[in-house]
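Undergrad: sequence and predicted structure below; questions after.
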Amino acid sequence: MSLVLVFTSIPASAQMTKFKTLFLFNFAKNISWPDNSTEKYFLVTIIGDNELASELKELAKVRKVEAQQLIVKEASTVEAQMGNSQIIYLAPSKSSLMPMLTSYQKGNPTLLVGATDDLCAQGAGISFVIAGGKLIFQIYPGNIEGQGLTLAQKLVYLGIEVQ
């Protein structure tokens, strides 16, 4: 009797999606939202990335953000009524919408996350980038704190701080 092992590798894009999912979840755990403790839900809106939204929905079935149920909403465009989201993620294909999103979210306690280089200069608090074949993130504490959020210093150390 012989044993045949079949190894399948996760495609690179699927692996990056899993990493982004875990990063987003950890951002939620390492940033404090004002008066968030009274909310029953922690809402994350994903714009333009169905694969990431699906992966995050799977995670939401088994994990919470503190005591809050994680809810994932999908959108294809930026809308002014996204103000109740704690995190809004813009897919690379939607990155040109960051200035509009920043305008709509001004003054709302919302973490804006992008996925292309230099989105922090356009208002994102965090932006995913690929460096040396690895997924990393740029972080702009001023943009995050400007939204009324408090971030754990260890998050700044894990990313690449930009101004």
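TA: Received, thanks. As the structure is a computational prediction, the values presented were derived from the model and not from experiment. Numbering: from 1, shown residues only.
Undergrad: okay but residue 83 is in contact with residue 101, surely?
TA: No: using C-beta atoms under 8 Å, residue 83 makes no contact with residue 101, being 11.1 Å away. Placement of C-beta: from N, CA and C, glycine included.
Undergrad: who has more neighbours out of those two?
TA: Neighbours of residue 83 and residue 101, each counted by other C-beta atoms under 10 Å, are more numerous for residue 101; the result is 27 against 13.
Undergrad: work out for me the element the more buried one sits within.
TA: Counting by DSSP states H and E, the element that carries residue 101 is helix 98-105.
Undergrad: and that helix, which residues are buried?
TA: With burial defined by 16 or more other C-beta atoms under 10 Å, the residues of helix 98-105 counted as buried are 98, 101, 102, 104, 105.
Undergrad: helices of the protein, start to end?
TA: For the chain, the helices defined by DSSP state H cover 12-30, 50-60, 98-105, 141-146, 153-158.
Undergrad: and these as CSV, adding distance to residue 39 and mean pLDDT?
TA: As requested, the helices of the chain are exported to CSV (distance: least, C-beta to C-beta, whole Å; pLDDT from 0 to 100):
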stretch, distance to residue 39, mean pLDDT
helix 12-30, 12, 91
helix 50-60, 15, 96
helix 98-105, 17, 93
helix 141-146, 19, 95
helix 153-158, 21, 92
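Undergrad: Throw these into JSON lines and include distance to residue 70, thanks.
TA: JSON lines is the format used below for those (distance: least, C-beta to C-beta, whole Å):
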{"stretch": "helix 12-30", "distance to residue 70": "8"}
{"stretch": "helix 50-60", "distance to residue 70": "4"}
{"stretch": "helix 98-105", "distance to residue 70": "20"}
{"stretch": "helix 141-146", "distance to residue 70": "20"}
{"stretch": "helix 153-158", "distance to residue 70": "18"}
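Undergrad: got a list of what the residue nearest in space to the middle of the chain touches?
TA: Ranked by distance to the mean C-alpha position of the chain (C-alpha atoms, centre = their mean), the top residue is residue 24 at 4.0 Å. Residue 24 makes contacts with 44, 56, 87, 89, 113, as judged by C-beta atoms under 8 Å, 6 or more residues apart in numbering.
Undergrad: swap the cut-off to 10 Å and go again
TA: 44, 46, 52, 55-56, 59, 70, 72, 87, 89, 111, 113, 126, 128 (C-beta atoms under 10 Å, 6 or more residues apart in numbering).
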